[in-house]
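S.K.: Model the structure of this input:
(chains A and B)
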Amino acid sequence: MKNRLRFAPSPTGYLHVGGARTALFNWLYCKHYGGQFLLRIEDTDKARSTDESTRAIFDGLNWLGLTWDEEVVFQGASLALHQTDARALLDKNKAYRCFCTAAELDARRKDAEKMKQAFRYDGRCDRLKPDELKAKLDASTPFTIRFRIPGGSTTWNDLVHGDITFPNKDVDDFIILRGDGTPIYNLAVVSDDIAMNITLVMRGDDHISNTPKQIMLYQALGAAIPKFAHLPMIHGMDGKKLSKRHGATAVGDYQHLGMLPEAMLNFLALLGWSPGNDLEVMSVAEMVEKFSADHLSKKAAVFDTQKLEWMNGQHLSRTAGDALMPVVAKALDAAGLASLKDIESKRAWFLKLVELLKIRARTIDDIVRQATPYLRDSIEYDPEAVAKQWKEREPTAKTLSATRDALAAAKDWAPAVLEEDLRKLAESLGTTGGKIFQPLRVALTGLTVSPGIFDVLELLGRERSLARIETAVKHLSS
RNA sequence: GGCGGUAUCGUCUAGAGGCCUAGGACACGGCCCUCUCAAGGCUGGAACACGGGUUCGAAUCCCGUUACCGCUACCA
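M.R.: Residues are numbered from 1 along each chain as shown, chains lettered A, B, ... in the order given. Modelled structure (predicted):
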């Protein structure tokens, strides 16, 4: 039988990292073992899935490159299906009408809580005498439909947890259809999963206690029971479920923070799965190849942003410069440092810049930040850099002048040539290269941090380099 | 309260009874490389929740305790 898996987020308006990881594992499973990855926006009644909220989910998935084979956006579209199933359950006497009002139920629940007792629905409406039932019906008393839990116990072999058993007596007769005729989640997923021929339900841990209810529904409906895999949760640094107060929790946030989708995927995959050895940095293709359902972990993982950034840095270094160009160009343009047109026309130069910066950046934003001195007409001197490298103004100005002269006389503006010339200069001044390079770096970039100084010179070009040194000398002499 | 799940360095994890004096990675400290930074190399500190079994032998299996998480809605 062909594997059919689905990712069924609720239309929250953004793709949560936990949801993204669930989607990723569903996707990896399909890619590795073969099968179809389906997308279904879960919405039982209230049509919360607006165009915007569904688009946010699509955007997140698209950014990550998690493509799906089919998509279903349920906006009450499958309402008839849910109602038919509920009706069938009623007809087969596996469910019953409940006339208790929400207010009554609420009051009883509160009472139970007050007594420190577990609230259970007592099944009173299931014990209505035929004439009582007829009277309620004749009076058009509103009702919900409750599923009647059979005796015995429910067990399934979870792909990540192994056998899990629930005694049926511990699960309440639960409502499957509301008074207004719309379904409750547990019925809706089961109906929809049956309709979509889902063979493996892979979802968050928080659904474990829903599973016996759903299995009983499959059985009552006479449908084949899919396999289940319950993935652990993702927590924030404080060990609590990841939420808004932990900062960025939507994948879109990480996109805007300058993360690479491959790095995000790699990081997410390692939160709850491992290839079984020390391998950590992987391409998507490698993850697909090495994925294995029996290396999924059971333990909730803490989302560590620092490791994500490290991971992103690793991917940044490994990704070819031209593959990075589109996203870097966009970021540079957005930052107002260079227009897309400029970048296109000076592509080779920008490529060199990216090659130099990507290996020392952790995010795309880092690249943009570090690219600033090479793209602006004028630079600002970082006070700390000045304090450290231009401590003594006159000697520094002198060294800089000498450096400028040496550079101006260079036969060829190429890193190797420039290095040879400057090292010779250092020797003739009776000093070391570093003593020349550091003040020069400040003159050229305003910073103490940059790629190798000869690469910087090359990047800036002869005219701009000499001009900046000139400016620095003037600045120091004033 | 009831039920279920989970438990290896601060964090992500390797570990399927002897290979464990518990390995790797992030983070942190030191050293090396070096024109700065990043990367890289070397290196230090840092964990099997606790208590009982089972076994010649347990991080690994079983039971209990504890802690944490989840569910316990006419939410999903």
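
S.K.: If you average pLDDT per helix and strand, which one of chain A comes out bottom?
M.R.: Least confident element among the helices and strands of chain A, by mean pLDDT, DSSP states H and E: strand A:70-73 (a mean of 82).

S.K.: Report the distance from the following helix or strand past that one to the chain centre.
M.R.: Downstream of strand A:70-73, the next assigned helix or strand under DSSP states H and E is helix A:79-91. For helix A:79-91, the separation from the chain centroid amounts to 37 Å (computed by CA atoms, centre = their mean, to the nearest Å).

S.K.: Now the element after helix A:79-91, going C-ward?
M.R.: According to DSSP H and E, the helix or strand after helix A:79-91 is strand A:95-98.

S.K.: Pairing partners for that following strand, with directions?
M.R.: Within its sheet, and counting by DSSP bridges, strand A:95-98 is paired with strand A:144-147 (antiparallel).

S.K.: Establish whether the strand it pairs with and RNA strand B are in contact.
M.R.: Yes: part of strand A:144-147 sits near RNA strand B under the criterion CB under 7 Å from any atom of the strand, namely A:Thr144. Where you see a C-beta, it was placed from the backbone N, CA and C, and this is true even at glycine.

S.K.: Next secondary structure element downstream of that strand?
M.R.: strand A:153-158.

S.K.: Let me know the average pLDDT across that following strand.
M.R.: Averaging pLDDT along strand A:153-158 yields 94.

S.K.: For the longest helix along chain A, buried residues please.
M.R.: Secondary structure assigned by DSSP state H gives helix A:453-477 as the longest helix of chain A. Residues A:453-460, A:465-466, A:468-469, A:472-473, A:476 are the ones in helix A:453-477 that count as buried (16 or more other CB atoms under 10 Å).

S.K.: Over to stretch A:12-20?
M.R.: Buried residues in stretch A:12-20 (16+ other CB under 10 Å): A:14-20.

S.K.: starting at the chain centroid, how far to that stretch?
M.R.: What separates the centre of stretch A:12-20 from the centre of its chain is 7 Å, taken as CA atoms, centre = their mean.

S.K.: which residues of chain A score low on pLDDT?
M.R.: A:1, A:44-49, A:74-77 (pLDDT under 70).

S.K.: ok, which stretches of it are strands?
M.R.: Secondary structure of chain A (DSSP state E): strands at A:4-7, A:36-41, A:70-73, A:95-98, A:144-147, A:153-158, A:162-167, A:175-177, A:200-204, A:227-231, A:234-235, A:301-302.

S.K.: Now tabulate those in TSV and tack on mean neighbour count.
M.R.: Listed next are the strands of chain A as TSV, based on neighbours: other CB atoms under 10 Å:
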stretch	mean neighbour count
strand A:4-7	26
strand A:36-41	21
strand A:70-73	15
strand A:95-98	22
strand A:144-147	24
strand A:153-158	15
strand A:162-167	12
strand A:175-177	25
strand A:200-204	21
strand A:227-231	21
strand A:234-235	22
strand A:301-302	16
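
S.K.: can you put those in JSON lines and add distance to A:Cys30?
M.R.: Shown next, in JSON lines, are the strands of chain A (distance: least, CB to CB, whole Å):
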{"stretch": "strand A:4-7", "distance to A:Cys30": "6"}
{"stretch": "strand A:36-41", "distance to A:Cys30": "4"}
{"stretch": "strand A:70-73", "distance to A:Cys30": "12"}
{"stretch": "strand A:95-98", "distance to A:Cys30": "34"}
{"stretch": "strand A:144-147", "distance to A:Cys30": "31"}
{"stretch": "strand A:153-158", "distance to A:Cys30": "19"}
{"stretch": "strand A:162-167", "distance to A:Cys30": "23"}
{"stretch": "strand A:175-177", "distance to A:Cys30": "30"}
{"stretch": "strand A:200-204", "distance to A:Cys30": "9"}
{"stretch": "strand A:227-231", "distance to A:Cys30": "13"}
{"stretch": "strand A:234-235", "distance to A:Cys30": "21"}
{"stretch": "strand A:301-302", "distance to A:Cys30": "22"}
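
S.K.: Mind checking those strands for the one nearest to A:Ala86?
M.R.: Closest to A:Ala86 of the strands of chain A is strand A:175-177 (CB to CB; 4.2 Å).

S.K.: Listing partners with orientation, what would you give for the least confident helix or strand of chain A?
M.R.: In the sheet, strand A:70-73 lines up with strand A:36-41 (parallel) (DSSP bridges).
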